[in-house]
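Trainee: got a structure for you, letters missing:
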C-alpha cells in the first residue's frame, strides 16, 4: 500500500469493474477531464504514512454502512474523500478520530493503523486519539463562549501549562483570523460570520496542536468567498498538518488535495446502501485519467 | 380534462370567483379560540382586582411599615399584632431547605438523563420522574408528618429537639416534590443544546464529564436558571405540605427544627376557619395574599425573561 504507483482499488474484484462499464466499450480508456482553471498539486510519496486502513467496514446496528475500505493517508498531505451522498465517506472520516465511538450502535471492523499503533487497540484512549487527530465539522459549531474561550477550551481541557494569551494569538494568526478578531476576543463567537466561525473552529482544532486535522465538508455551509479563504488556509496548514477532507465539491477536491479517494454506494436487494471505495489515487490521475468507469462517470457528470 | 366546462379554457372551470356562501365557521372558531386565550389573562386580572379592596382596607388599619417590619403575627388572637416577618421568614427557611434538596438532585437527574442515560433508560426514567409531579401535595404533606418526621426524630440527636411539626420535614419533602419540575425543565434545556456542540467538544479531546460541565451546562444555563426560578415559585406557593407538616408559630424564628407557618399556610388556615367577612382578620388574608402574589409574580417574570433569552441563542 505504501507504493504510490500501486492501484489502491486493486482489491476490487475485476468483474465488478467491468460490470459497471458499458458492454460495448470495456477496454476503452476513460476520457480525461480538462479544465483550464485547475492545476493539480503533485502528490508526495506515501512513505511513512499517517494512516493505513485495511479491510475497514463500519456497521450501524446490523446495517453495513461501509464495506471493505483500503487506503493510505500520507504525511502532511491533503487527502480528499469524494463521492455521492450516503456513500460512507463521512463514516470513514469519523473512524480516524474514533468519533463513531460516540454512536452506541456503531461498530468498526478491520484495521486502522495510526503510525505504528492500532487505532482501535484495546489500550488506546479515544480522548488521547482526538487530541492528536482533530476534527472540523460541516456546520460551524463554535461554543457559545467568547472567541478567546473557544480557542482556549482545548488547551485548558488538555492541561496546557503556559501562556494562554500567547497561544490564542499564535493560533488565531496561524488560522489567518487574528487581524479580524484581535479587538473583540472577549465577544461571543456566535457574533462572527459563518466563514469566520468556521475558521475559528479550524483555529480551535489546531490550538491543541494535533498532527492530523479531519474536515467533514467544512465549506458546504459557506459562500464562495468564505470557501476560498478556507481553501487557502488548508493549503497553508498542509505544510504542518496532515489533512483529510470530505467534500461534495469536486473542484475543491481537485484544487486542494494531493490524493483523492472516490466512494460510491451499492444498493442491495433490500434497498440498503453500502458504501465502498472505488478508486484511490493521486488527485491528478483521478480527475484526468481515472481507471474506474464509475469514477469517470461521477466526475464528468458534475465536472464537465 | 375540463370536459365539464366546454366554454372555458382547458383546466379553468366556468365559475365566478365570488364567494358562494359566507363562512361563519371561521369567525366562530376564531372567537372561541381567543376566548380560551383570554381566560388566563382575565383570571390574573380578576385575582388582582379581588385582592385590592380588602388589602386596601387592611392597610387603612395597619400601616405598611408595621406590616412589613413587625416580628409578631397574631391577627387571629385577641391581642392582635400584624408583623408579617414571621411568615416571610418561615417561607424563606422552608423554601431554602427545599431548594437545597431540589436543585442538586434535579440538576443531577437532568444531566444524567440528557448526557449519560441510554435512550431506553431515558424513555423509562423521564416519565416516571414526571409521575412524581402528579402526586397530590396533600399526600406529600401527610408523608412528611407521618413518615419523615418520625424517621428524622430517630436519626437526629435528641438535643436538636425536632418538633412533631417542623420547617425541616416540610422543606425536605417539598424539595422532593420540586425535583421533577427542575429535572424535567433542565433536561429540556440540556437536550436543546445542539448535538454539534457536544461533537465539537469531544473532537477536541474532552471526556464526557468535561463536555457536560464545560460546554452543555453553560450553553443551557439560562434555561437551567429558569427551571430553578420556577422551582422556587412552586416552593413559595406550596400550601398543603406546610399546612400539614410545618405547623403554626407567632414569632420570628429561623430554627427549622421548630414549628413555623408560611404565608400560604396562614392563608389556608385563616380562610378555612371561621373569620367573619370584612373583619380585620378577614382582610389580613388578602394582605398576605397580595404579598405572596407579588413575590411569585416577580419570580415568574424573571423566569419568562430568562427562558426567552435562552431561546434566542439557538434559533
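Mentor: Received it, and whenever you're ready, just let me know what you need. Keep in mind that what you see is a predicted model, and the values were worked out from it rather than measured.
Trainee: tell me, what residue is most central in the chain?
Mentor: All of this refers to chain A. Centroid-nearest residue in chain A: residue A:245, 2.2 Å away (criterion: C-alpha atoms, centre = their mean).
Trainee: you looked at the wrong chain, it should be chain B
Mentor: residue B:234 (2.9 Å).
Trainee: mind pulling up the pLDDT for residue 268?
Mentor: Since you didn't name a chain, this refers to chain A. Model confidence at residue A:268, given as pLDDT, is 85.
Trainee: sorry, should have said chain B
Mentor: Looking at residue B:268, the pLDDT reads 94.
Trainee: is it in contact with residue B:241, as I believe?
Mentor: No. Using C-beta atoms under 8 Å as the test, residue B:268 is too far from residue B:241 to be in contact (11.0 Å). (Each C-beta comes from the backbone N, C-alpha and C, glycine too.)
Trainee: just to be sure, residue A:54 is in a strand?
Mentor: Yes. The assignment for residue A:54, made by DSSP: H, G, I helix; E, B strand; the rest coil, places it in a strand.
Trainee: now it: how far from chain B?
Mentor: Applying C-beta to the nearest C-beta, to the nearest Å, one obtains 24 Å for the distance of residue A:54 from chain B.
Trainee: tell me the bridge partners for that residue.
Mentor: For residue A:54, the beta-bridge assignment (DSSP bridges) gives partners residue A:111.
Trainee: residue numbers of chain A in contact with chain B?
Mentor: A:97, A:99, A:102, A:104, A:127-131, A:134-135, A:137, A:139, A:141-145, A:153-154, A:157-158, A:190, A:201, A:204-205, A:208 (C-beta under 8 Å from any C-beta of the partner chain).
Trainee: just checking, what packs against the host helix or strand of the residue nearest to the centre of chain A?
Mentor: Assigned by DSSP states H and E, residue A:245 falls within strand A:242-246. Packing partners of strand A:242-246 (3 or more C-beta pairs under 8 Å, 6 or more residues apart in numbering or on different chains; DSSP states H and E): strand A:78-82, helix A:89-96, strand A:212-216, helix A:224-237, helix A:250-256.
Trainee: just put those in JSON lines and tack on mean pLDDT, distance to residue B:25 and mean neighbour count.
Mentor: Output for those, formatted as JSON lines (pLDDT from 0 to 100; distance: least, C-beta to C-beta, whole Å; neighbours: other C-beta atoms under 10 Å in any protein chain shown):
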{"stretch": "strand A:78-82", "mean pLDDT": "95", "distance to residue B:25": "56", "mean neighbour count": "28"}
{"stretch": "helix A:89-96", "mean pLDDT": "94", "distance to residue B:25": "51", "mean neighbour count": "24"}
{"stretch": "strand A:212-216", "mean pLDDT": "96", "distance to residue B:25": "52", "mean neighbour count": "25"}
{"stretch": "helix A:224-237", "mean pLDDT": "92", "distance to residue B:25": "51", "mean neighbour count": "17"}
{"stretch": "helix A:250-256", "mean pLDDT": "91", "distance to residue B:25": "56", "mean neighbour count": "22"}
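Trainee: closest to residue B:93 out of these?
Mentor: For residue B:93, the closest of the helices and strands packed on strand A:242-246 is helix A:89-96, at 53.0 Å, according to C-beta to C-beta.
Trainee: distance of the closest residue to chain A within the stretch 1-150 of chain B from residue A:104?
Mentor: Nearest to chain A in the stretch 1-150 of chain B, going by C-beta to the nearest C-beta, is residue B:118, at a distance of 6.8 Å. Going from residue B:118 to residue A:104 by C-beta to C-beta, to the nearest Å gives 7 Å.
Trainee: do the same with residue A:283
Mentor: 36 Å.
Trainee: now the residue in the stretch 151-300 of chain B that chain A sits nearest to. Nearest residue, chain neighbours left out?
Mentor: For the stretch 151-300 of chain B, the residue closest to chain A is residue B:205, as judged by C-beta to the nearest C-beta, at 3.5 Å. If the residues on either side of it in the chain are set aside, residue B:205 comes closest to residue A:131, at 3.5 Å by C-beta to C-beta, 6 or more residues apart in numbering or on different chains.
Trainee: cool, and residue A:49?
Mentor: Nearest to residue A:49 is residue A:72, by C-beta to C-beta, 6+ apart, at 4.6 Å.
Trainee: pLDDT averaged over the helix or strand harbouring the one you found - what is it?
Mentor: Per DSSP H and E, residue A:72 falls inside strand A:63-73. Averaging pLDDT along strand A:63-73 yields 93.
Trainee: same for it, what does it pack against?
Mentor: Partner elements for strand A:63-73 (3+ C-beta pairs under 8 Å, 6+ apart): strand A:51-60, helix A:89-96, strand A:273-282.
Trainee: outside of that strand itself, list whatever touches it.
Mentor: Strand A:63-73 has contacts (C-beta atoms under 8 Å, 6 or more residues apart in numbering or on different chains) with A:1-2, A:8, A:11, A:46, A:49-59, A:79, A:88, A:91-92, A:96, A:110, A:212, A:242, A:244, A:261, A:266, A:272-277, A:280.
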